[in-house]
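Asks: Provided below for reference: sequence and predicted model.
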Amino acid sequence: IQNERRHKDVPWPEGQQTKLQGLGQRKALPDFDPTDRRILELESEMNHLKQELRIERAKVKANSVKHGLFKAIKEEMEQTIEPVKPLPSAWKPSKNRGLIEEDLVMHVSDMHADEIVLPREVGGLEEYDFNVCCRRAENYVDSTLRWSQEVLGDRFRFPKLWILSYGDQTSGEIHGAAQRSFYRNQFKNCFAIGTLQAKMIQELAPHFEQVNVVSVPGNHGRRSKKKDYHGAHDNWDFLIAETANMLCREIPNVNFLIPDSFSVNLVINGVGFNISHGDDVGGSLGIPFYGMARRQKGLIALNNMQGGPRIRYFVMGHHHVPASLADFDGEMIVNGAWVGTNAYAFNRFAGYREPAQWIHGVNQSHGITWRMSVGLKSDDELNGPKRYIIDGGRDVGPILN
């Protein structure tokens, strides 16, 4: 108490006033010159470092909130999501030794499943929403099973199915897409899309000995204004993949790989694949194929430096055009999209492509031996899905054409 400062009218204990003590200020230096050039430089540098420190601390605080969001959501969902039940297995090991054994690969990219495309906005060329997307998903699964199990069943055997999911499953938040989306709520959008993909996997899994799902994000799912190359999991595509993963966790022959990166190298039946969304490919005069060729050559060079398995196929989406570009030491495979066009593509560059996704077989000795671009549309798709009926809690009223 004796060392505490008191008001002048308050008596000190025991009637004695303590002497004022110094607060420890440094003594002035006799030769200190505040105008000295070197001192001014050091003060300026110190102020600059203090400012940088404040900025970096603010970034760390913001990133801890932003990058921890989806991880926290994932942990909470793990406690509440009820997994789908595995269907009875239809897989029977064949005793016919004459069958050609290959891995089957399905490509899933550029769903934009929560996007709404009105016919009046695109000259009547497309009508699309989440229900139409679900119907197209049914067609994709049906066509894949019919082709692999029936059409090719007498000559081929596919013990493994690879589902390559590489981004833009949602239109995300950028360009105000969430406000115009099917559920008008990005969390509802992602949960519904993840549920849709889980239903697809649930129906496919009984027909294969093993199903491997690999997921990397696209550009539409990002949460930053510009692409954050350190934030692959800070992406709505990540939440969609994790939703499907959690829903399928009781299906014993299904495995998920969701790397914290925008690309991944895989070995499928002994053959090297590089998977990425493709939004980093630059173009020339608006044509992306020159950029694709440059990227392919660069990836080949990087692969040689890494010393890993040789990458023969480079897979990407983003451009909504199914295509293949062969080079002397590899091939670029570009996937199509689930939506034929939208207001942006129709008005900006008169763009339209039939909705389609690639499937193909991978032979251990010969690589890709056959491929098919599976058309997704059907005559009755506006009636909605027949099996993949998902109630995501849409409470925003009807879609007005």
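Replies: That came in fine, so what should we check first? Numbers count the residues shown, from 1 in each chain.
Asks: What ranges in the stretch 101-250 of the chain fall below the confidence cut-off?
Replies: Counting by pLDDT under 70, the stretch 101-250 of the chain shows no low-confidence range.
Asks: all helices for it, in order.
Replies: 130-145, 186-204, 236-247 (DSSP state H, counting those that start in this stretch).
Asks: Quick one: closest of those helices to V254.
Replies: Checking the helices of the stretch 101-250 of the chain against V254 by Cβ to Cβ gives helix 186-204 as the closest, at 6.0 Å. In short, each C-beta sits where N, CA and C put it, glycine included.
Asks: CA atoms only for the closest one - export them in PDB, please.
Replies: Provided in PDB are the C-alpha atoms of helix 186-204 (Å, rounded to 0.1, in the frame of the first residue of the first chain):
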ATOM      1  CA  GLN A 186     -23.800 -22.500 -49.400                       C
ATOM      2  CA  PHE A 187     -23.800 -25.000 -46.600                       C
ATOM      3  CA  LYS A 188     -27.000 -26.500 -47.800                       C
ATOM      4  CA  ASN A 189     -25.700 -26.600 -51.300                       C
ATOM      5  CA  CYS A 190     -22.600 -28.500 -50.300                       C
ATOM      6  CA  PHE A 191     -24.400 -31.000 -48.100                       C
ATOM      7  CA  ALA A 192     -26.900 -31.700 -50.900                       C
ATOM      8  CA  ILE A 193     -24.100 -32.200 -53.500                       C
ATOM      9  CA  GLY A 194     -22.100 -34.400 -51.100                       C
ATOM     10  CA  THR A 195     -25.200 -36.500 -50.500                       C
ATOM     11  CA  LEU A 196     -25.700 -36.800 -54.300                       C
ATOM     12  CA  GLN A 197     -22.200 -38.000 -54.800                       C
ATOM     13  CA  ALA A 198     -22.500 -40.500 -51.900                       C
ATOM     14  CA  LYS A 199     -25.700 -41.900 -53.500                       C
ATOM     15  CA  MET A 200     -23.700 -42.400 -56.800                       C
ATOM     16  CA  ILE A 201     -20.900 -44.200 -54.900                       C
ATOM     17  CA  GLN A 202     -23.400 -46.300 -53.000                       C
ATOM     18  CA  GLU A 203     -24.900 -47.600 -56.200                       C
ATOM     19  CA  LEU A 204     -21.600 -48.200 -57.900                       C
END
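Asks: ok now it, how far from the chain's centre?
Replies: 14 Å (Cα atoms, centre = their mean, to the nearest Å).
Asks: cool, stretch 364-380 as well?
Replies: With Cα atoms, centre = their mean, you get 23 Å for stretch 364-380.
Asks: what comes up buried for that stretch?
Replies: In terms of neighbour count (16 or more other Cβ atoms under 10 Å), stretch 364-380 has its buried residues at 367-368, 373-374, 376-377.
Asks: Keep only those of those that are in strands.
Replies: In strands, defined here by DSSP state E, the members of the buried residues of stretch 364-380 are 367-368, 373-374.
Asks: For E102, state which of those residues is nearest.
Replies: Of those, the one sitting nearest to E102 (Cβ to Cβ) turns out to be I368, at 9.3 Å.
Asks: ok, so what distance separates the closest one from E52?
Replies: Separation of I368 from E52 (Cβ to Cβ, to the nearest Å): 51 Å.
Asks: And T243, by the same measure?
Replies: Distance, T243 to E52, using Cβ to Cβ: 39 Å.
Asks: Tell me which of these two has more neighbours.
Replies: Neighbour count, other Cβ atoms under 10 Å: between T243 and E52, T243 has more, with 23 against 10.
Asks: Tell me, how many residues neighbour the closest residue to the more buried one other than its chain neighbours?
Replies: Nearest residue to T243 in three dimensions, chain neighbours excluded: G194, at 2.6 Å (Cβ to Cβ, 6 or more residues apart in numbering). The tally of other residues near G194 (other Cβ under 10 Å) stands at 27.
Asks: ok so, going back, for V216, which of the helices of the stretch 101-250 of the chain is the nearest?
Replies: Nearest to V216, of all these, is helix 236-247, at 7.8 Å by Cβ to Cβ.
Asks: Kindly calculate the angle that that closest one makes with helix 186-204.
Replies: For helix 236-247 against helix 186-204, the angle by axes from the mean of the first three to the mean of the last three Cα atoms, to 10 degrees is 50 degrees.
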